[in-house]
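> Can you look at this prediction? I've put the sequence above it.
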Amino acid sequence: MSYKYKHGLTIMRAQPFHIGHKKMIDLMLENCEQVTIILGSIQEQGTERNPLNYTTRKKMLQNVYRFSPDYPRLKIIGLFDINNPAEWAEYVLDFMNESFPQLERPDVYYAGSSYDAHWFKAAFRNIEIVDRTDQNFPFVTGSMVRDMIKFGDVRWKNFIHPENHNLIEEHFYKKKAII
């Protein structure tokens, strides 16, 4: 099979992993021979903005893709944030190069908005922005889904893959976690 790109990269918090994230990863798998997903903010968990730990977020992605024939082309890794936006792209690419030297340097960065992409403009010739305002796809953000869960609005299930409904319910309802 011929792909548009050799190696695609995206960074997301996936707090929680929702259908918008899945849309981006599906597009990456369609266009890239290798796909790397970095789950950021792994140093934070149990907060309103970052309620889930890295292991739970990674499991959410694995639950959705583990039986896909594309799963072997998907790499999911975690990364601590730094409070230096000007050096963010270089930090990410250095981390990947040092931790996974067998991976080819990504030749495309995927982002959910122009704002998310702007940190990587100097580091990548190719940037793909996945439109969050597509008329044929529901608008979704992690904050929106977390608020639905927090307030007991069961419509959150429309935005989370069914493979992860139990995981979300266990974390947010049985543990009585604060989000």
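Okay, I see it. Computed from a predicted model, the values in this text were never measured in an experiment.
> Quick check: which ranges of the chain have low pLDDT?
Scanning the chain for pLDDT under 70 picks out the ranges 174-179.
> I'd say Ile42 and Phe80 touch.
Yes. Using CB atoms under 8 Å, Ile42 is in contact with Phe80, at 5.7 Å. All C-beta atoms are positioned from the backbone trio N, CA, C, and that covers glycine.
> out of those two, which sits in the more crowded spot?
Shown here are Ile42 and Phe80; by other CB atoms under 10 Å, Ile42 has more neighbours (19 against 12).
> residues contacting the more buried one?
53-54, 78-80 (CB atoms under 8 Å, 6 or more residues apart in numbering).
> Please produce a PyMOL select command covering the buried subset of those.
To isolate the buried members of the contacts of Ile42 in PyMOL, using 16 or more other CB atoms under 10 Å:
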select buried, resi 54+78+79
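> Name the nearest of the contacts of Ile42 relative to Leu9.
Using CB to CB, Leu79 is the member of those that lies nearest Leu9, at 11.2 Å.
> now the helices for this structure?
19-31, 54-65, 88-99, 114-118, 142-150, 165-169 (DSSP state H).
> would you turn those into a markdown table with distance to Tyr71?
Formatted as a markdown table, the helices of the chain follow (distance: least, CB to CB, whole Å):
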| stretch | distance to Tyr71 |
| --- | --- |
| helix 19-31 | 9 |
| helix 54-65 | 5 |
| helix 88-99 | 20 |
| helix 114-118 | 25 |
| helix 142-150 | 23 |
| helix 165-169 | 18 |
